[in-house]
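Need coordinates for the following:
(2 chains)
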Amino acid sequence: MVRVDGRGNGDALIRVRSLDKKYQRGSEEIHVLQGLNLDVGKGEFVAFMGPSGSGKTTLLNLLGGLDVPTSGSITVAGDEISHMSGNKLTAWRARHVGFVFQMYNLIPVLTAFQNVELPLLLTKLSKAERRSHVETALSVVGLADRMKHYPRQLSGGQEQRVAIARAIVADPTFLLADEPTGDLDRKSAEEIMGLIDRLVHEHGKTVLMVTHDPRAAEQAHVLLHLDKGVLVEGAASGGPA
Amino acid sequence: MKFFRLVWANLLRKKVRTTLTIGSFAVALFLYGLLVVIRGAFSGGADQASVNRLTVINKTSLIMPLPFSYRDRLLRVPGVTGVTYATWFGGVYQDEKNFFPQFAVDKDTWLDVYREYRVSKEQTEAFMRDRQCCLVGKSLAKRFGFKVGDRIPLRGTIWTGTWEFNVCGVWEGDRPDVDTTGMLFRFDYLEERRQFGKGTVGWYVVRLANPDDAVKVTKTVDEMFANSPFETLTQTEKAFAASFAKQMGNIEFLVTTIGSVVFFTLLLVTGNTMAIAVRERTGELAVLKTIGFPDLGVLWLILAESVLIAGQGGVLGLALAKLFTLGGDPTGGLLGSVYLPWSSLGLGFALALGVGAVAGLLPAVAAMRLRVVQALRRV
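Residues are numbered from 1 along each chain as shown, chains lettered A, B, ... in the order given. Below you'll find the predicted structure:
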């Protein structure tokens, strides 16, 4: 049910309308996103591709509430986030979005367990409940036996799996992945994409992913191309579950 | 408490840097402890002064005497429950560098007015019996190894000649901060032998029934002796002790200045350390914010780190300073009471935490204001 024509019905989990994002660089105004529309349903896996500077990461930042649009609206699960204040947006982010970064971005002085536990520190869960959630998340990514390891004691693929566990531990509404395989070798990249695929198909997660890797993009239900701030529908391959 | 592990883990990130910063606090707070001790020792007992005692000195100068006849007139002032007196002797024991204060005091009233001096009943009786008897403070006894039965010769500098005293008692204070570095001997022994100044005393000490009467009694006494050849200046014991100490220089100012410089330097060092620590972790702080840590939460995390460093260094430095003072006077008696009160330890700890908080404030605000999108671009 992914649409880019702005004619989607009201059932979409993520609904973007006439999204514009401009930056000012010196005297020059850079129009990164131009009148972008997008509808993504629950349980969809959408991949965004496009050349550098096409606005992929900017779109992800806007969808994740890390940045605010110049104009237009973003509605996620009924919440209009485009005009939320900073604190409200932060709280919304904690509840609804799981982030996966290219460089994993784990805290090096914390163990895998502690890294995954971070989002739960912001909740009212008890210590025992946090432990249970963290163990479950680490089991899902297949690293239950590495929870006491520090990031430096893990391979790149394992670090990314810990990062994914951190992203899903609070059971967010959707996941945003910014080139999750960009720093991994082929084998590790396949493992990570397999994991994301399982999250979508077995756990019903909604995933929006930016990637440069066509193999990774193939796994998605829908592939969208961004070019000069305009979204164009591409070939879908993974197919919805 | 659930965030403590995160704060603690960040402190252990650069162990050497954290240890050195904690060390800076420890050294500064150790120095603070020593400065408190020095200030206390040189304040001449101003901090220990009783609120129910007044000191009456010659209005012209402390070194000018007052007539012995004033004693009875002082006793008749309403609100006064006791009067004693003393004279500075200024003797030298063996060598001038062996300075310690000696006071000729009234054997019948001194220990009654100065009840914080603890002397055993037998030693008090011996003081009453023997005109050449002297009581030495515990610190003084320790400094020169004086013990009961010893005979001490002093070379007089005001009243010349060799003066001999029998040690018949050692006094202690009823509190740890009571100065026990001096020597008391009988006024009648001085009066009998001195060549001049007979019939006069150095100063009087007046005990009040009620400290609230201090202003009234002060006024009454000074008016009573106004326009006489020996006009008086009556002041609280605290003011007297402070003016006595000022003769050695403005120790308070010196100590305050050194302390301020130390803490200001500490502030700069810690502030710089925290700023570097925050700058190194820009990406991680952005990640914390990305996953939902609020701006204020990030501010508190950085402040907590800074305060935790300060707290650890403070405890270490103050503990070392306290241990140091428990070892007694390192100068062999020059400092008098070597005592670091718990209240000063508390103040020092609060100061350390305050410096930690202020030092961490700027980096913490910078972390709070960090823009996630820009910071993530730098990762």
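
Find the centremost residue of the chain, please.
As the question left the chain open, I've gone with chain A. A:Leu176 (0.4 Å; C-alpha atoms, centre = their mean).

oops, I was thinking of chain B
B:Gly40 (1.4 Å).

Where does chain A get nearest to chain B, residue-wise?
A:Ala94 (2.5 Å; C-beta to the nearest C-beta). For glycine as for every other residue, the C-beta is placed from the backbone atoms N, C-alpha and C.

what helix or strand does that residue sit in?
Taking DSSP states H and E as the definition, A:Ala94 sits inside helix A:86-96.

List the buried residues in that helix.
Residues of helix A:86-96 classed as buried by neighbour count (16 or more other C-beta atoms under 10 Å in any protein chain shown): A:89-96.

residues contacting the residue of the stretch 1-150 of chain B found nearest chain A?
Using C-beta to the nearest C-beta, the single residue of the stretch 1-150 of chain B nearest to chain A is B:Ala9, 4.1 Å away. Residues near B:Ala9 by C-beta atoms under 8 Å, 6 or more residues apart in numbering or on different chains: A:107, A:109-110, A:114.

Tell me where the longest helix sits in the chain.
Because you didn't say which chain, this covers chain A. helix A:186-201 (DSSP state H).

ah, no, chain B please
Per DSSP H, chain B has its longest helix at helix B:295-326.

So is the next helix or strand after it next to chain A?
Per DSSP H and E, the first helix or strand lying C-terminal to helix B:295-326 is helix B:342-369. No. Between helix B:342-369 and chain A, judged by C-beta under 8 Å from any C-beta of the partner chain, nothing touches; the nearest distance is 10.6 Å.

And stretch A:145-157, end to end?
15 Å (C-alpha to C-alpha, to the nearest Å).

buried sites along it?
A:146-147, A:149-151, A:154, A:156-157.

How about residues contacting it?
Applying C-beta under 8 Å, 6+ apart, the set of residues contacting stretch A:145-157 is A:104, A:106-113, A:115-116, A:134-135, A:138, A:158-159, A:162, A:183-185, A:187-189, A:191-192.

List the ones among those residues that fall in helices.
Judged by DSSP H, the subset of those located in helices is A:112-113, A:115-116, A:134-135, A:138, A:158-159, A:162, A:187-189, A:191-192.

Buried only: go through these for me.
A:112-113, A:115-116, A:134-135, A:138, A:158-159, A:162, A:188-189, A:191-192.

among those residues, which two are most distant?
Using C-beta to C-beta, those reach their maximum pairwise distance at A:Glu135 and A:Ala189, which is 26.1 Å.

Could you check how many residues crowd around residue 215?
No chain specified, so I'll use chain A. 12 (other C-beta atoms under 10 Å in any protein chain shown).

not what I meant, chain B
B:Val215: 9 neighbours (other C-beta under 10 Å).

So what touches the strand or helix carrying it?
Element membership for B:Val215 (DSSP H and E) is helix B:214-224. Helix B:214-224 has contacts (C-beta under 8 Å, 6+ apart) with B:51, B:54, B:56, B:59, B:73-74, B:77-80, B:206, B:208, B:231-236.

quick revisit: I'd like to know which of the contacts of B:Ala9 are buried.
A:107, A:109-110, A:114.

for chain A, what are the nearby residues on the stretch 151-300 of chain B?
B:283-284, B:287-295, B:297.

So what's the gap between the longest helix of chain B and the chain middle?
From the chain centre to the centre of helix B:295-326 is a distance of 24 Å (C-alpha atoms, centre = their mean, to the nearest Å).

now do stretch A:35-48
Using C-alpha atoms, centre = their mean, the offset of stretch A:35-48 from its chain centre is 11 Å.

For it, the averaged confidence score.
Mean per-residue pLDDT for stretch A:35-48: 93.

buried residues in it?
A:36-41, A:43-48.

Could you check how far B:Leu266 is from chain A?
Distance, B:Leu266 to chain A, by C-beta to the nearest C-beta, to the nearest Å: 25 Å.

So what's the residue count around the nearest residue to that residue once chain neighbours are set aside?
Nearest residue to B:Leu266, sequence neighbours excluded (C-beta to C-beta, 6 or more residues apart in numbering or on different chains): B:Ala28, at 4.8 Å. B:Ala28 has 26 neighbouring residues, counting by other C-beta under 10 Å.

got the contact list for B:Ala28?
Applying C-beta under 8 Å, 6+ apart, the residues contacting B:Ala28 are B:262-263, B:265-266, B:313, B:317, B:352.

would you turn those residues into TSV with neighbour count?
Listed next are the contacts of B:Ala28 as TSV, based on neighbours: other C-beta atoms under 10 Å in any protein chain shown:
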residue	neighbour count
B:Val262	18
B:Phe263	18
B:Thr265	12
B:Leu266	25
B:Gly313	27
B:Gly317	25
B:Ala352	29
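
which one of the residues you listed is nearest B:Pro176?
B:Gly317 (20.5 Å).

So for the closest one, what's the pLDDT?
In this prediction B:Gly317 is given a pLDDT of 96.

Please tell me I have it right and it contacts B:Gly33.
Yes. Assessed by C-beta atoms under 8 Å, B:Gly317 is found in contact with B:Gly33 at 6.9 Å.

Which neighbours do these two have in common?
The contact lists of B:Gly317 and B:Gly33 share B:Gly348, where a contact means C-beta under 8 Å, 6+ apart.

near chain B, which residues of chain A?
Counting by C-beta under 8 Å from any C-beta, the residues of chain A near chain B are A:61, A:64, A:66-67, A:86-87, A:90-91, A:93-95, A:99, A:101, A:103, A:105, A:107-110, A:114, A:118-119, A:121-122, A:127, A:166.

If we ignore the residues flanking it in sequence, what's nearest B:Phe349?
Using C-beta to C-beta, 6+ apart, the closest residue to B:Phe349 is B:Gly314 (5.0 Å).

C-alpha coordinates for the lowest-mean-pLDDT helix or strand in chain A, CSV please?
One helix or strand of chain A scores below all others by mean pLDDT, DSSP states H and E: strand A:230-233, with a mean of 82. C-alpha atoms of strand A:230-233 as CSV (Å, rounded to 0.1, in the frame of the first residue of the first chain):
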residue,chain,number,x,y,z
VAL,A,230,11.5,14.2,-5.9
LEU,A,231,10.3,10.7,-5.0
VAL,A,232,9.7,8.2,-7.9
GLU,A,233,8.3,4.7,-7.4
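
buried ones in that strand?
A:Leu231.

Report all helices and strands that that strand contacts.
strand A:28-40, strand A:222-227 (3 or more C-beta pairs under 8 Å, 6 or more residues apart in numbering or on different chains; DSSP states H and E).

one step back: make a markdown table out of the buried residues of helix A:86-96 and add pLDDT.
A markdown table is the format used below for the buried residues of helix A:86-96 (pLDDT from 0 to 100):
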| residue | pLDDT |
| --- | --- |
| A:Leu89 | 92 |
| A:Thr90 | 93 |
| A:Ala91 | 93 |
| A:Trp92 | 94 |
| A:Arg93 | 94 |
| A:Ala94 | 94 |
| A:Arg95 | 93 |
| A:His96 | 94 |
